[in-house]
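*Asks:* Model the structure of this input:
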Amino acid sequence: MRRKSAYILFLAVLGLLVIGIVMLFSTSAYARDSHGDVYFFIRRQAIWVGIGLVACIFAALMNYHFWQRTWWLWFALALAALALCYVPHIGMRINGSRRWVGYGPITFQPSELAKIATIFFLAAWFAQREKPDGNVLSGFLVPLAVISVPAALVLGEVDLGTTALIGATTFIVMFVAGTNLLWLSGLAFAGLGGLLLVATHISERMGRLAAFLHPQNYKDDAGLQQMQALIAWGSGGMDGLGLGNGRQKMLYLPYAHTDFIFPIIGEELGLRFSLLVVFLFVVIILCGIMIALHARDRFGLLLGCGIISLLALQAAVNIGVTTSLLPNKGLPLPFISYGGSNLAGCMFGVGVLLNIYRQGVLESPRGKRATMQARVTPRI
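*Replies:* Coordinates of the predicted model:
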């Protein structure tokens, strides 16, 4: 399976893209902001699919060590883009959050660039340390301090979901890099406590948490989305109502074409097709792990683990939210939900994984033996 992991990965991603386009065509015509054009979101998503494919091909052809050498540039660009969210007339405030920057019809979510940039930094930082030492400063505090800068800017946008996503991905990359488990345990508890503390001081987020704990008491306001999502799941059953025959998308379920597109899949295509979507994500995760584990060097290993963790966590959170297993976080479903920035970022990540695979396959057996010998040879 290792030799075919890249091909299986690409086919699984292609399958999710097709499902996303089909379901977007089924749901987007009923969106409140469709501007009276049933093809409004389809056209825009098609453009972003093209941009995403170009980004994927570029990343697949570009040697992934380029990102190791230039991580500081992308990190600086991400910080600058995040700062623009706070600039009047450039940063766009939608639903109480400043997550977008735009000019005219062109909009972009800088946090998508920030997620990729943080992985570049972490992989480059820990790639220089083959065997983590006990230095708490270089092995824990410095990388954590650097990551806290974009995380704080994202948190200031009132985007707790993406902040948690960046934190969880950081935790996984540091774990794979060999960071002390005691330090990571403290980081996990501190991060969770900090997010809960911030959530309790934001009325909207506190309402979402209360709606998750007591959905029946908030089914007309904060818990409306998740209650309508459960109705969609119940209506679809095993076989579904048929493609295009769903009712919850008809302004009953808000954001049915973005964050809550997964319940519409269940309503129209049934449980079997919903499980197929979950299976495709599992395939992507397994193939990504396989590619990362057979990377030619430590940077490739950490970079691959970071990217696949980002995709897996985002998919898991979206599926958990739309099935009422987690509080509402506002994260889209990768490759399926409407959203150009997220789609382009995910496709770029897939391209990087494909390049890690290519570099591992193209490396000669002699080079592999030399690399393995360098890994196991102790430094004097």
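*Asks:* Spell out the residue ranges of the helices in the stretch 151-300 of the chain.
*Replies:* Applying DSSP state H, counting those that start in this stretch to the stretch 151-300 of the chain gives helices spanning 160-177, 181-200, 203-213, 224-236, 261-293, 298-322.
*Asks:* among those helices, which is nearest Leu9?
*Replies:* Closest to Leu9 of the helices of the stretch 151-300 of the chain is helix 261-293 (CB to CB; 3.9 Å). Where you see a C-beta, it was placed from the backbone N, CA and C, and this is true even at glycine.
*Asks:* Show me what the closest one is packed up against.
*Replies:* Counting contacts by 3 or more CB pairs under 8 Å, 6 or more residues apart in numbering; DSSP states H and E, helix 261-293 is packed against helix 5-27, helix 224-236, helix 298-322, helix 340-362.
*Asks:* Is it possible to get TSV of those helices that adds mean pLDDT and mean neighbour count?
*Replies:* TSV is the format used below for the helices and strands packed on helix 261-293 (pLDDT from 0 to 100; neighbours: other CB atoms under 10 Å):
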stretch	mean pLDDT	mean neighbour count
helix 5-27	93	19
helix 224-236	88	20
helix 298-322	95	23
helix 340-362	92	23
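*Asks:* So which of these is nearest Ala127?
*Replies:* Per CB to CB, nearest to Ala127 of the helices and strands packed on helix 261-293: helix 298-322, 3.8 Å.
*Asks:* Any figure for the gap between Leu313 and Leu276?
*Replies:* Noted for Leu313: a distance of 21 Å to Leu276, by CB to CB, to the nearest Å.
*Asks:* actually Tyr218, not the one I wrote
*Replies:* 32 Å.
*Asks:* what's the answer for Leu209, then?
*Replies:* Distance from Leu209 to Leu276, by CB to CB: 32 Å.
*Asks:* do the same with Ala188
*Replies:* Distance from Ala188 to Leu276, by CB to CB: 33 Å.
*Asks:* Likewise for Phe58?
*Replies:* For Phe58, the distance to Leu276 - CB to CB - is 30 Å.
*Asks:* Over to Ala168?
*Replies:* 26 Å.
*Asks:* Show me which of these two is the more surrounded one.
*Replies:* When Ala168 and Leu276 are compared for neighbours, Ala168 comes out ahead with 19 against 16, by other CB atoms under 10 Å.
*Asks:* residue contacts, Trp125?
*Replies:* Neighbouring residues of Trp125 by CB atoms under 8 Å, 6 or more residues apart in numbering: 142-143, 146.
*Asks:* Nice, that's everything, thank you.
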